[in-house]
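Asker: below are the sequence and a predicted model for it; my questions follow.
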Amino acid sequence: MSTALAHRVRLERDARGWSLAELASKSGVAKATISKIERGETSPTAVILVRLANAFGLTLAGLLLRAEGHDDASRLMRVAQQALWRDPDSAYLRRQIFARPDHPLEIVQVDMPPGQRVVLPASSYANIRQAIWVQAGPLSVLEGGDQHLLESGDCLGFGPPSEVTIANDGMDTCRYLVVLSRS
């Protein structure tokens with residue numbers, strides 16, 4: 001996936017006629033980092049991918065699906081078609097259960113290893129509404145200064161865009177579903 005993702009980031013940037021400096025300015029990702037991603041020299045983290053996707057006007061799922069060549073995916077996404085991606089920093093595993101360019105909803109399953117966390121910038125929530133439903137917990141969510149401790153079965157709807165820290169402080173992998181809609 002990293003080669004396809006590297007190629008996709010370059011295609012998205014080129015399609016907009018942006019230089020590396022312009023994409024860096026719009027995304028808040030260092031120009032050198034973007035260059036290394038485009039050359040396939042580094043695997044981008046979830047935080048970096050979210051920033052790049054947002055700069056392109058896409059969700060993370062939209063960017064990943066385009067990287068895999070699923071611009072016009074079927075309404076039916078069989079398990080074998082559901083894209084998997086592992087964050088190189090936290091080692092969380094992300095499964096894209098459902099996403100279509102013509103549908104406002106996306107469903108993502110995340111397996112967060114114990115002791116790991118991801119901090120996502122407020123910009124990643126600028127054009128979406130999102131809820132997290134914990135399947136196997138616990139999960140800690142720090143959202144705009146509000147701490148939420150979630151257990152299996154709990155569901156949290158996110159408020160206005162703010163920085164969000166998602167952490168698994170437990171001893172076992174936490175599995176949760178993310179349902180989001182584009183606004």
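Answerer: Received the coordinates, thanks.
Asker: just checking, what packs against the lowest-mean-pLDDT helix or strand in the chain?
Answerer: Lowest by mean pLDDT, DSSP states H and E among the helices and strands of the chain is helix 60-67, with a mean of 78. Helix 60-67 sits against helix 2-15, helix 46-55, strand 93-98, with contacts defined as 3 or more Cβ pairs under 8 Å, 6 or more residues apart in numbering; DSSP states H and E. (C-beta placed from N, C-alpha, C; glycine too.)
Asker: quick check: angle from it to helix 46-55?
Answerer: If you take axes from the mean of the first three to the mean of the last three Cα atoms, to 10 degrees, helix 60-67 sits at 80 degrees to helix 46-55.
Asker: tell me the angle helix 60-67 makes with helix 2-15.
Answerer: Going by the same axes, to 10 degrees, helix 60-67 makes 100 degrees with helix 2-15.
Asker: return the distance of the residue nearest the centre of the chain relative to residue 107.
Answerer: Per Cα atoms, centre = their mean, the C-alpha nearest to the average position across the chain is that of residue 60, at 4.2 Å. Separation of residue 60 from residue 107 (Cβ to Cβ, to the nearest Å): 13 Å.
Asker: cool, and residue 41?
Answerer: Using Cβ to Cβ, one gets 32 Å for the distance from residue 41 to residue 107.
Asker: those two - which one has more neighbours?
Answerer: For the pair residue 41 and residue 107, the greater number of neighbours falls to residue 107 (17 against 11), based on other Cβ atoms under 10 Å.
Asker: which ones are touching residue 28?
Answerer: Listed by Cβ atoms under 8 Å, 6 or more residues apart in numbering, the contact set of residue 28 reads 51, 121, 123.
Asker: swap that for residue 8, sorry
Answerer: Applying Cβ under 8 Å, 6+ apart, we find residue 8 in contact with 63, 66-67.
Asker: could you list the low-pLDDT ranges of this protein?
Answerer: Applying pLDDT under 70 to the chain flags the ranges 1, 69-74, 102, 183.
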